[in-house]
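Novice: coords below, sequence missing:
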């Protein structure tokens, strides 16, 4: 049996829509607990955020994929359990983000600003970290957050 090009294309498109639809439906099933987080700058300023926690493999895989918006004072905190080299990417992530790579004691060790939506480029932590905090793109610059500042929450280092 020989299929026409349009029949093959139509089958491929149907398969793609089913796959994307299933991924989107699965993404909607993942829920995230929340907690408060404060960034303390070396200049003495504090910035409060409500963060969703990505604690499980499923939550970390889902992250902020498919989200169309996020409040300016919200973010997502990825907890990797033990310090390790971390690689993040933006596939299926609509929002441009700032990624703050954080050590176990809360020290921000690297910041990647204005990540590119949908990119498969790996964003490297540049060393072992325990956490990654994702915020709306431009937040780090707008608030003057820099390497060496501290993130503090119930989960991170110094409890407040």
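Specialist: Structure's in. What do you need? Here the structure is a predicted model, which is why all the values come from computation and not from measurement.
Novice: Name the residues linked to the most centrally placed residue in the chain by a beta bridge.
Specialist: In the chain, the centroid-proximal residue (C-alpha atoms, centre = their mean) is residue 134; its distance is 4.5 Å. Taking DSSP bridges as the rule, residue 134 bridges to residue 76, residue 99.
Novice: dump the residue contacts of residue 79.
Specialist: When contacts are counted by C-beta atoms under 8 Å, 6 or more residues apart in numbering, residue 79 is found next to 53, 54, 55, 130, 131, 155. Quick note: C-beta positions are derived from backbone N, CA and C, even for glycine.
Novice: Would you check that my belief about the residue nearest to the centre of the chain contacting residue 63 is correct?
Specialist: Yes. With contact defined as C-beta atoms under 8 Å, residue 134 counts as touching residue 63 (7.1 Å).
Novice: and for those two, which residues touch both?
Specialist: Joint contacts of residue 134 and residue 63 (C-beta under 8 Å, 6+ apart) are 76, 78.
Novice: buried set for stretch 50-57?
Specialist: 51, 52, 53, 54, 55 (16 or more other C-beta atoms under 10 Å).
Novice: From these, which land in strands?
Specialist: Under the assignment DSSP state E, those contribute 51, 52, 53, 54 to strands.
Novice: any idea which of those is closest to residue 144?
Specialist: Residue 144 lies nearest to residue 51 out of these, by C-beta to C-beta, at 19.2 Å.
Novice: quick one: that closest one and residue 76 touch, right?
Specialist: Yes. Counting by C-beta under 8 Å, residue 76 is a contact partner of residue 51 at 6.1 Å.
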